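Engineer: below is the structure, and that's it, no one-letter string:
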């Protein structure tokens, strides 16, 4: 059954590639996005899930991450036609097909219960997004695409080596040679420890590169800065979560093998380094999209920090994956609108965004408050849970550093965001005809409503899903 | 050293040195092609049982790593009129030296890891790590985009050698997926290379340095 989640977007991609009209083609994307979300909801509500031994399975962890990606994609998909209308100069055939292949490959990645298949899907996701980054066909976007491809490919090659190390560790442990996670978890106790530790380090570096953990984040500001806002949203809210899931699947095996403490130490360290680096670079950042990229570095750091702290931190991290994904949707899409209105993404040119674009400008401000963890938005709840895990779980130093860094990021981002949205619009923006309209703001409003809802009230079924996912991650066989 | 696998692996390591020591792109692409062809033979020798799966992997590897990808790179090289790697970030002699150090470290490191009885005494692990490091060295020290792709290929070759330890545990579908991903990856890089040339009239990745903080 789960295979439908992969095949549906692939078929839609084929349809999009075959539709001759550039005006009709973008409509395939929201239709496919809607069907994907509906199918996923049907599978979750109907409790449909393959048993052990299958290569694809919708387990709780996959449900959390794929659910986030699917909803974020749906929001982006409804935004896409409104965006592409503004770009009649660009052929959108590759762009539309690429978006749908991205959805198919992220579905494959989240459902994969096989170490090798997981890797193949991660690589395919990277390749599918490369043409999306190069949509603008400028020298700068070319540079960003090249860096993204080379750094991403090397990272993924290292992840492959890590997967092979993990497999060899299992091979030395004896037992049936199998790379299914079910079999790996069952046999983890007898794995060869030196190979297992080396494999986790390599996989953390490899998938960490795709997540954009510091110091492996160097592609991120360039890629997010040059990509269309829509692509930035899907990368920052979708791709990073998928790489996070890949890391979690491996972490689960390492934890089951009894090396959890080693892994958690590394995760806490990488998490704090990422948040710290983001805090340094986000201050005085004048480019609003590069600022969002550093915010993404910060938040993938928060994700691995939560896992590394363990206990309720795991619950917090999974909740944060949802919150961060949706909030990045608000930020990148509204930043895209602002960039279009001003013809620039630097605060040298952008000022008074709220009076120039009342809806997009306000949403950008709302996104800023949400992502920096201000109540009453969703990220506040998840970040608060992670702080609690640190203080209550015997990591007071990590917790204090985390809080201080969050404060620095808030001030750093705040000065950039406020100088963009406040004041009077300069003369530069008068030249562009761009105006907010429903097609380009309604999807962002939906994302903002969801983020607000998650801050006020988390539905009981979602709590139970997150609890099952985090229990499965921590459980020892 | 009597084992035929080890003789092939020594050849692979020597080819790493050749790539790092020559400025001629044509030679580096040829060297990678030969390296790919050698890797295609490896599965047949590592596994005494000659199953259809091993044969299929050998054929696919020969086709992709030995013929298709190098051929594609050579075509790209002709299209963009680039013949030589000039002024790499690290000179040819220092990079040969680094490659020697890396190979030595790989042998030392591999000696410290536990191995299954059937793999003890072969060069598979050290050759894999040495090739991986050489690939990384090419990737990071060369200016031309094509050279960087060659580095990426060598890096992948190193991983492929390690995969030989595990051929039983890696189902065919995954292996096919890995090879396909590699090919598509190189293909997309080739397209980007063409765009870089059109945009900048050169393939120096130095020119790709406008984006920074």
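Structural biologist: It's in. Computed from a prediction, not measured in an experiment: that's the story for all the values here. Residues are numbered from 1 along each chain as shown, chains lettered A, B, ... in the order given.

Engineer: stretch B:125-135 near chain A anywhere?
Structural biologist: Yes: among the residues of stretch B:125-135, residue B:132 lie within reach of chain A under CB under 8 Å from any CB of the partner chain. Yep, even glycine has a C-beta here, placed from its N, CA and C like the rest.

Engineer: okay, buried residues for that stretch please.
Structural biologist: For stretch B:125-135, a neighbour-count test (16 or more other CB atoms under 10 Å in any protein chain shown) marks B:125, B:126, B:127, B:128, B:129, B:130, B:131, B:132, B:133, B:134, B:135 as buried.

Engineer: next to chain B, which bits of the stretch 201-350 of chain A? Give me the list.
Structural biologist: By the rule CB under 8 Å from any CB, the part of the stretch 201-350 of chain A lying against chain B is A:221, A:222, A:225, A:226, A:281, A:285, A:290.

Engineer: and those residues, which is the shakiest by pLDDT?
Structural biologist: Lowest-confidence member of those: residue A:285, scoring 89 (pLDDT).

Engineer: which residue lies closest in space to that one, excluding its sequence neighbours?
Structural biologist: Residue nearest to residue A:285 in three dimensions, not counting chain neighbours: residue A:291, with 4.3 Å by CB to CB, 6 or more residues apart in numbering or on different chains.

Engineer: mind listing what the one you found touches?
Structural biologist: Shown in contact with residue A:291 (CB atoms under 8 Å, 6 or more residues apart in numbering or on different chains): A:282, A:285, A:413, A:416, A:417.

Engineer: run the last query once more with 6 Å
Structural biologist: Under the criterion of CB atoms under 6 Å, 6 or more residues apart in numbering or on different chains, the neighbours of residue A:291 are A:282, A:285, A:416.

Engineer: could I get the buried residue list for stretch A:34-41?
Structural biologist: The neighbour-count check on stretch A:34-41 (16+ other CB under 10 Å) flags A:35, A:36, A:37, A:39, A:40 as buried.

Engineer: gap between the third one and residue A:74?
Structural biologist: So that's residue A:37. The gap separating residue A:37 from residue A:74 is 5 Å, by CB to CB, to the nearest Å.

Engineer: next one: phi and psi at the residue lying closest to residue A:456 once chain neighbours are set aside?
Structural biologist: In space, not counting the residues next to it along the chain, residue A:456 is nearest to residue A:376; the distance is 5.7 Å by CB to CB, 6+ apart. Note on residue A:376: backbone dihedrals following degrees, to the nearest 10 are phi -100, psi 40.

Engineer: list the buried residues for the strand or helix carrying residue A:449?
Structural biologist: For residue A:449, the element it lies in under DSSP states H and E is helix A:438-456. Neighbour counts over helix A:438-456 (16+ other CB under 10 Å) mark A:440, A:441, A:443, A:444, A:445, A:446, A:447, A:448, A:450, A:451, A:454, A:455 as buried.

Engineer: burial check on the closest residue to chain B within the stretch 201-350 of chain A, number of neighbours?
Structural biologist: Of all residues in the stretch 201-350 of chain A, residue A:222 sits closest to chain B, at 4.3 Å by CB to the nearest CB. By other CB atoms under 10 Å in any protein chain shown, 26 other residues sit near residue A:222.

Engineer: what helix or strand does it sit in?
Structural biologist: Taking DSSP H and E as the criterion, residue A:222 maps to helix A:220-226.

Engineer: past that helix, which element shows up next along the chain?
Structural biologist: Next helix or strand after helix A:220-226 toward the C-terminus (DSSP H and E): helix A:229-234.

Engineer: how far off centre is that following helix?
Structural biologist: Relative to its chain's centre, helix A:229-234 lies at 10 Å (CA atoms, centre = their mean, to the nearest Å).

Engineer: and the helix or strand immediately after it in the chain, average pLDDT?
Structural biologist: Under the assignment DSSP H and E, the closest C-terminal helix or strand after helix A:229-234 is helix A:240-254. Averaged over helix A:240-254, pLDDT sits at 96.

Engineer: just checking, what packs against helix A:240-254?
Structural biologist: helix A:60-85, helix A:93-111, helix A:181-187, helix A:193-211 (3 or more CB pairs under 6 Å, 6 or more residues apart in numbering or on different chains; DSSP states H and E).

Engineer: could I get these as CSV with mean neighbour count?
Structural biologist: Below are the helices and strands packed on helix A:240-254 laid out as CSV (neighbours: other CB atoms under 10 Å in any protein chain shown):
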stretch, mean neighbour count
helix A:60-85, 24
helix A:93-111, 26
helix A:181-187, 19
helix A:193-211, 23
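
Engineer: show me what contacts the residue of chain A most remote from its centre?
Structural biologist: Centroid-distance maximum for chain A: residue A:174 at 36.4 Å, with CA atoms, centre = their mean. Counting by CB under 6 Å, 6+ apart, residue A:174 touches no other residue.

Engineer: check the residues of the stretch 201-350 of chain A next to chain B and tell me the two furthest apart.
Structural biologist: Farthest apart among those by CB to CB are A:226 and A:281. That separation is 16.9 Å.

Engineer: more neighbours, those two?
Structural biologist: Remark: of residue A:226 and residue A:281, residue A:226 carries more neighbours, 27 against 22, as counted by other CB under 10 Å.

Engineer: from the buried residues of stretch B:125-135, which ones fall inside helices?
Structural biologist: In this view, those that belong to helices under DSSP state H are B:125, B:126, B:127, B:128, B:129, B:130, B:131, B:132, B:133, B:134, B:135.

Engineer: next one: the first one from residue B:158, what distance?
Structural biologist: What it means is residue B:125. Computed as CB to CB, the residue B:125 to residue B:158 distance reads 11 Å.

Engineer: give me the neighbour count for residue 172.
Structural biologist: Using chain A. Residue A:172 has 20 neighbouring residues, counting by other CB under 10 Å.

Engineer: switch to chain B, please.
Structural biologist: Using other CB under 10 Å, residue B:172 has 14 neighbouring residues.

Engineer: coming back round to it: tabulate the contacts of residue A:291 (JSON lines), appending neighbour count.
Structural biologist: Output for the contacts of residue A:291, formatted as JSON lines (neighbours: other CB under 10 Å):
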{"residue": "A:282", "neighbour count": "25"}
{"residue": "A:285", "neighbour count": "22"}
{"residue": "A:416", "neighbour count": "23"}
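
Engineer: can you redo those as a markdown table with secondary structure and distance to residue A:407?
Structural biologist: As requested, those are arranged in a markdown table below (DSSP: H, G, I helix; E, B strand; the rest coil; distance: CB to CB, whole Å):
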| residue | secondary structure | distance to residue A:407 |
| --- | --- | --- |
| A:282 | helix | 12 |
| A:285 | coil | 17 |
| A:416 | helix | 16 |
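
Engineer: I'd say residue A:340 and residue A:433 touch.
Structural biologist: No: counting by CB atoms under 6 Å, residue A:340 stays clear of residue A:433, with 9.9 Å between them.

Engineer: neighbour count winner among these two?
Structural biologist: residue A:340 (21 against 8).

Engineer: sec struct for the more buried one, please.
Structural biologist: helix (DSSP: H, G, I helix; E, B strand; the rest coil).

Engineer: distance of the residue nearest to it when sequence neighbours are not counted relative to chain B?
Structural biologist: Spatial nearest neighbour of residue A:340, chain neighbours left out: residue A:434 (4.8 Å); criterion: CB to CB, 6+ apart. From residue A:434 over to chain B the distance is 24 Å, taken as CB to the nearest CB, to the nearest Å.

Engineer: residue A:434 and residue A:65, how far apart?
Structural biologist: Taking CB to CB as the measure, residue A:434 and residue A:65 are separated by 34 Å.

Engineer: need the pLDDT of the closest residue in space to residue B:132 that isn't next to it in sequence.
Structural biologist: Excluding the flanking residues, the one nearest residue B:132 by CB to CB, 6+ apart is residue B:158, at 3.3 Å. The predicted structure scores residue B:158 at 92 on the pLDDT scale.

Engineer: with residue A:173 instead?
Structural biologist: Reported pLDDT for residue A:173: 86.

Engineer: how much space is there between it and residue B:83?
Structural biologist: For residue A:173 relative to residue B:83 (CB to CB), the value is 50 Å.
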